[in-house]
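1. Build me a structure from this.
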Amino acid sequence: MAPAPANSKEPEKNVAPKKAGYTPLESLDADAAPPPRWVLPAIMITVLTIGGWFIIQNLWETSKLEDCTMSGRKNCVAPIDTSQMGK
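-> As a prediction, the model looks like this:
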């Protein structure tokens, strides 16, 4: 039997059969951006930084109050404005 011409419609023998739901890599969009893997770590770092800042501010205020009371002073807390209490 003679070899088939190059433009014949016979399937090639060395090609893997296509499976349902299978997309070969060649058909994927080469220009598509990869998923942003940095977003979740960036959000986590931001939340931890802001939370740490609030904790440090709270500890700083507590430290100043403790330093004031340990030195024997009694007016360590900011004075309360009582001028508007009776109105």
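2. ok, which stretches of this structure are helices?
-> 39-70 (DSSP state H).
3. quick one: pLDDT of Ala4?
-> Predicted confidence (pLDDT) for Ala4: 57.
4. cool, Gly72 as well?
-> 90.
5. can you check Asn58 too?
-> pLDDT recorded at Asn58 is 96.
6. Could you report the neighbour count for Cys68?
-> Applying the criterion other Cβ atoms under 10 Å, we find 14 residues in the vicinity of Cys68. In this view, the C-beta of every residue, glycine as well, is placed from N, C-alpha and C.
7. Thought Cys76 was touching it, still the case?
-> Yes. Look at Cys68 against Cys76 with Cβ atoms under 8 Å: they come within range, at 3.5 Å.
8. Could you check how far Pro36 is from Thr46?
-> Counting by Cβ to Cβ, to the nearest Å, the separation of Pro36 from Thr46 is 15 Å.
9. again, but for Ile55
-> The gap separating Ile55 from Thr46 is 15 Å, by Cβ to Cβ.
10. Could you do Leu65 as well?
-> According to Cβ to Cβ, Leu65 and Thr46 sit 29 Å apart.
11. same check, this time on Leu59
-> Taken as Cβ to Cβ, the span from Leu59 to Thr46 is 20 Å.
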